[in-house]
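A.B. asks: show me the folded form of this:
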Amino acid sequence: MVNIQSLDPTASPLDYYGWELRRQREAHGLKQGQLGEIIFCTGSLIGQIETTKKVPTRDFSERVDAALGTDGLFSRLIGLVLRSQLPTWFQPYAEMEAKAAYISTYQAQVVYGLLQTEEYARAVLATGTPDDLEGLVTARMEHQRILEREQPPLVWVVLDEAVLHRPIGGVGVMRRQLAHLLALTGHRWLQVQVLPNKVGEHASLAGSFNLLRFADDPDVIYTEDVISGHMTADSGTIKDAALRYARVQAAAFSVEDSAELIARLMEDRYGDRSQPEEHPMA
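C.D. replies: Residues are numbered from 1 along each chain as shown. So this is what the prediction gives:
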């Protein structure tokens, strides 16, 4: 076990959170188990968070603030902590995405990250065999909070139909993911279209990409490969990406027809509750 006193609070947001949690707890004369009883968790969990062995959640942070009267300190810290858990190469893009006024994305392999359910995200992220899967999942769910703002970005998503047929996480996970997509399409700031398989060749056969627009900053295009992400504001690249996106969007089903397809697949492909909810055999 790492000694909490050896933590350098300037080393990372997670180190600072753990250091500050212990400092505040001890200032209130509480042992780990006593604080755990107050906020309905184990003293062991408190210790793991104080020693950076476990990444805290937003719910945990809010309960700590209420118990210790810390005026929202940990609730403010948690956003920074969870962003720091994202892959280093993804963090700059995540910050840009959080500031965007308009997001348009074409996704060829998986559901767009901001629209993923927790269990679907866990299955997707597990394919990269990360050291801290739960930390990554928690960070992804935290990042989705940008859609809960009073004025969220306008989001236009085009999903390749193959995304809907790929049973990531198993039948039950996919059914709930498609139900989540249908629920989200009721929001006026979000539109989802499906690019049908029958289209064949199209303008983005090269793969997925995100186009971000801002109120006062240049547009940004973002792509990923198997190793890392790439972001650029090059005007020529932006122009080409915008044209490609317009063509993909024009070839896709309408928002209404896309919702009908998602609903049909949810029942026809993932509606049999008797099927095992496990990953398909390779």
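
A.B. asks: all helices of the stretch 151-282 of the chain, in order?
C.D. replies: 161-165, 171-184, 235-251, 255-268 (DSSP state H, counting those that start in this stretch).

A.B. asks: run through who's touching stretch 262-272.
C.D. replies: The contact list for stretch 262-272 (C-beta atoms under 8 Å, 6 or more residues apart in numbering) reads 164-165, 167, 171-172, 174-175, 178-179, 181-182, 192, 194. Quick note: C-beta positions are derived from backbone N, CA and C, even for glycine.

A.B. asks: could I get those residues in JSON lines, plus columns for distance to Ala203?
C.D. replies: As requested, the contacts of stretch 262-272 are arranged in JSON lines below (distance: C-beta to C-beta, whole Å):
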{"residue": "Leu164", "distance to Ala203": "20"}
{"residue": "His165", "distance to Ala203": "21"}
{"residue": "Pro167", "distance to Ala203": "27"}
{"residue": "Val171", "distance to Ala203": "32"}
{"residue": "Gly172", "distance to Ala203": "34"}
{"residue": "Met174", "distance to Ala203": "27"}
{"residue": "Arg175", "distance to Ala203": "31"}
{"residue": "Leu178", "distance to Ala203": "25"}
{"residue": "Ala179", "distance to Ala203": "30"}
{"residue": "Leu181", "distance to Ala203": "23"}
{"residue": "Leu182", "distance to Ala203": "27"}
{"residue": "Val192", "distance to Ala203": "19"}
{"residue": "Val194", "distance to Ala203": "16"}
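
A.B. asks: what are the boundaries of the helices in the stretch 1-150 of the chain?
C.D. replies: Using DSSP H, counting those that start in this stretch, helices in the stretch 1-150 of the chain cover 13-27, 32-38, 43-50, 58-68, 73-84, 91-99, 118-126, 133-143.

A.B. asks: list the contacts for Ser84?
C.D. replies: So Ser84 contacts 12-14, 91 (C-beta under 8 Å, 6+ apart).

A.B. asks: residue ranges with poor pLDDT in the protein?
C.D. replies: 1-5, 272-282 (pLDDT under 70).

A.B. asks: from Glu95, how far out is the residue most central in space within it?
C.D. replies: In the chain, the residue lying closest to the centroid (C-alpha atoms, centre = their mean) is Arg140, at 2.9 Å. Separation of Arg140 from Glu95 (C-beta to C-beta, to the nearest Å) stands at 15 Å.

A.B. asks: with Lys198 instead?
C.D. replies: Distance from Lys198 to Glu95, by C-beta to C-beta: 38 Å.

A.B. asks: the more surrounded of these two?
C.D. replies: Glu95 (11 against 7; other C-beta atoms under 10 Å).

A.B. asks: nearest spatial neighbour of the more buried one, chain-adjacent residues omitted?
C.D. replies: Arg83 (7.5 Å; C-beta to C-beta, 6 or more residues apart in numbering).

A.B. asks: ditto for Tyr270
C.D. replies: In space, Tyr270 is closest to Arg175, 3.9 Å off (C-beta to C-beta, 6+ apart).

A.B. asks: could you give the number of residues near that neighbour?
C.D. replies: 21.

A.B. asks: please apply the same query to the one 3 residues further on.
C.D. replies: Leu178 has 23 neighbouring residues, counting by other C-beta under 10 Å.

A.B. asks: distance check, the closest residue to it other than its chain neighbours against Thr51.
C.D. replies: Once flanking residues are discounted, Leu178 sits nearest to Met266: 4.1 Å by C-beta to C-beta, 6+ apart. Using C-beta to C-beta, Met266 is found at 43 Å from Thr51.

A.B. asks: out of the helices of the stretch 1-150 of the chain, nearest to Met231?
C.D. replies: Of all those, the one in closest proximity to Met231, counting by C-beta to C-beta, is helix 91-99 (5.4 Å).
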